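>>> With the sequence up front, the predicted model follows.
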Amino acid sequence: MNKNLQYSKEHEKFLHKQKKDKITILTFQIGLLVGFLGLWELLGQLNVINTFITSSPSRIFNTFITLLNSGDLWYHLGITLYETLIGFLIATVLGTIIAILLWWSEKLRKILTPYIVVLNSLPKIALGPLIIIWVGAGLQSIITICVLVSIIITVISMLNAFLECDKDKVLLLKSMGANKWQILTKLILPSALGQFVSVLKINVGMSWVGTIIGEYLVSSAGLGYLIVYGSQVFQLDLVMCSIVLLCLLASLMYFIVSIIEKKIIKTRKD
């Protein structure tokens with residue numbers, strides 16, 4: 001009884017320490033952000049830095065309010081978010097399917113692996129002009145570039161996860177008469193679930209990169225368009241405001257993926 005009580009107290013201390021560490025880390029994270037923004041604003045107000053070039057938090061906020069009042073904010077946000085989400089979903093689903101096909105056929109994997117490596121090393125922006133000609137200017141070309149930026153990483157990551165599955169478990173299922181489909185659905189896919197969540201996290205950033213690259217090349221709306229337009233007319237407040245909005249949206253997507261990850265971990269434990 002005393003041992004159980006002692007264990008309970010130690011466990012409570014451990015949980016209290018974890019909670020305290022989380023609060024400390026969060027406090028420092030918020031403090032660093034507030035301190036950076038405060039110093040940035042102070043240096044701008046004292047004319048230590050040229051706010052025409054570097055902008056400042058207050059000028060960025062004023063630009064945000066201007067975009068919000070004009071109605072342009074939701075229009076440009078909506079277009080960029082739509083392009084990113086569509087590209088993210090297509091790259092994740094299609095990349096996973098391709099990885100499954102490559103796992104399924106060793107011969108196909110050996111044939112295509114060199115091409116996948118080359119495509120992964122190729123700067124996707126170099127294909128931009130060709131993609132615009134092939135699929136047309138507009139949303140379709142931007143989404144295509146977004147998919148190309150993310151899909152190769154998805155294929156490589158998921159394929160490695162499939163191939164790293166415990167070989168002894170695979171042999172055990174084969175010895176029990178399991179076919180390839182059963183091995184895939186009962187062992188390979190469940191074992192790769194953790195890697196799949198990691199791929200989702202990677203694709204959050206890659207999808208935003210792909211979308212902005214596409215909007216740099218060909219767009220008449222979106223946050224990438226605002227960045228290009230703002231730099232051309234020297235409205236650097238607009239450029240900085242768009243960058244901040246991109247950071248916030250990417251962080252929100254990453255946060256949603258983190259919630260999904262926690263639910264998956266909890267489900268697997270149960």
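Looks like it arrived, so ask away.

>>> can you map out the helices along the chain?
For the chain, the helices defined by DSSP state H occupy 2-45, 51-54, 57-70, 72-104, 106-121, 128-135, 139-163, 167-175, 180-183, 189-191, 193-217, 223-232, 236-269.

>>> ranking the ones you listed by mean pLDDT, which is last?
With a mean of 78, helix 2-45 has the lowest mean pLDDT of the helices of the chain.

>>> And that helix, what does it pack against?
Judged by 3 or more CB pairs under 8 Å, 6 or more residues apart in numbering; DSSP states H and E, the packing partners of helix 2-45 are helix 51-54, helix 57-70. Where C-beta positions appear, they are placed from N, C-alpha and C, glycine not excepted.

>>> nearest to V204, of the ones you listed?
Comparison of the helices and strands packed on helix 2-45 against V204 by CB to CB identifies helix 57-70 as nearest, at 22.7 Å.

>>> what's in contact with that closest one?
The contact list for helix 57-70, computed with CB atoms under 8 Å, 6 or more residues apart in numbering, reads 37, 40-41, 44, 51, 73, 76, 237-238, 240-241, 244-245.

>>> now these: which count as buried?
Buried members of the contacts of helix 57-70, scored by 16 or more other CB atoms under 10 Å, are W40, E41, G44, T51, L73, H76, D237, L238, M240, C241, V244, L245.

>>> and the fifth one, what does it touch?
Applying CB under 8 Å, 6+ apart, one finds that L73 lies in contact with F64, L67.

>>> try the fourth one
With contact taken as CB under 8 Å, 6+ apart, T51 is in contact with G44, R59.

>>> In JSON lines: the helices and strands packed on helix 2-45, plus distance to L94.
Listed next are the helices and strands packed on helix 2-45 as JSON lines, based on distance: least, CB to CB, whole Å:
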{"stretch": "helix 51-54", "distance to L94": "41"}
{"stretch": "helix 57-70", "distance to L94": "34"}
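
>>> most packed of the ones you listed?
Among the helices and strands packed on helix 2-45, helix 57-70 has the highest mean neighbour count (mean count of other CB atoms under 10 Å), at a mean of 15.

>>> so I79 makes contact with G222?
Yes: counting by CB atoms under 8 Å, I79 does reach G222; the two are 4.5 Å apart.
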